[in-house]
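A.B. asks: What would the 3D arrangement of this be:
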Amino acid sequence: MSLLDHSLGSLARDIPGATRVFHQYRLDFCCGGQTLLRDALAERGLNAAELLARLEALPAHQAGECNWAEADTDALIDHILARYHDVHREQLVELLRLARRVEAVHGDSPDCPNGLADHLDAMRQELESHMQKEEQILFPMLRRGLFDPARGPITVMRMEHDDHGQALARLLELTDNLTLPAEACATWEALYTGLEELHTDLMQHIHLENNILFQPSPRQEVHHG
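C.D. replies: Okay, here's the model as predicted:
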């Protein structure tokens, strides 16, 4: 089967380094993980041969990268908590501070991302609520191997992930796809650099949950009681 006939989520899960390629092409492999690569490329008007060549050129193993599809549930959850939950909390506080400063100083500029700070504040609140539900309800169930009883909470988390994906799309709209204007100051540059990092991290975070942690596998049956 051609790679074009695989879903974005399965390619992101099975090909080490594929997520970096997808980020570069702005392909949604997390919330849109069920979309076939062929359809995603057609929708964006992207060159299929070029992207396929990039994927096929990736080495079988990326140095320093863990294959989380092969990790046990506890290890994957621990990674998500430390690498994403804790990091998002720090990221959004600082990005909100930077966005308010940029809007206060450059609000009269037509290039200023007015409304970005309020959007980031809403994202922060939604993400905090979402992460607390995972930390207090869903993750403890998965650690205990209770995958079937967790299907309801998983469905809710997937729906909220879709909301996070829409929030990321709105973030790109507000910032002209994170394009810095010529008059951008150092604070503005720091803001957009941080927003790019948040965008990348949140997509990877959702991918690990939607396409690996939330998928039934022997991994979910390791712990009982």
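A.B. asks: What ranges does the protein have for its strands?
C.D. replies: Ranges of strands within the chain: none, based on DSSP state E.
A.B. asks: just for it, where's the confidence low?
C.D. replies: The model of the chain has pLDDT under 70 over residues 1, 59-65, 217-225.
A.B. asks: Report the central residue of it.
C.D. replies: Per CA atoms, centre = their mean, the C-alpha nearest to the average position across the chain is that of M203, at 1.0 Å.
A.B. asks: Can you tell me how far the residue nearest to L195 when sequence neighbours are not counted is from T193?
C.D. replies: Counting by CB to CB, 6 or more residues apart in numbering, L195 lies nearest to L178, which is 5.9 Å off, once chain neighbours are set aside. Where C-beta positions appear, they are placed from N, C-alpha and C, glycine not excepted. According to CB to CB, to the nearest Å, L178 stands 9 Å off from T193.
A.B. asks: ok, and what's touching stretch 201-210?
C.D. replies: Residues from elsewhere that reach stretch 201-210 (CB atoms under 8 Å, 6 or more residues apart in numbering): 9, 12-13, 19, 23, 28-31, 33, 68, 76, 79-80, 83-84, 87-88, 91, 157-158, 161, 164-165, 168.
A.B. asks: switch the cut-off to 7 Å
C.D. replies: Counting by CB atoms under 7 Å, 6 or more residues apart in numbering, stretch 201-210 makes contact with 9, 12, 19, 29-31, 33, 68, 76, 80, 84, 87-88, 157-158, 161, 164, 168, all of which sit outside it.
A.B. asks: buried set for that stretch?
C.D. replies: Going by neighbour count (16 or more other CB atoms under 10 Å), the buried part of stretch 201-210 is L202, M203, Q204, H205, I206, H207, L208, E209, N210.
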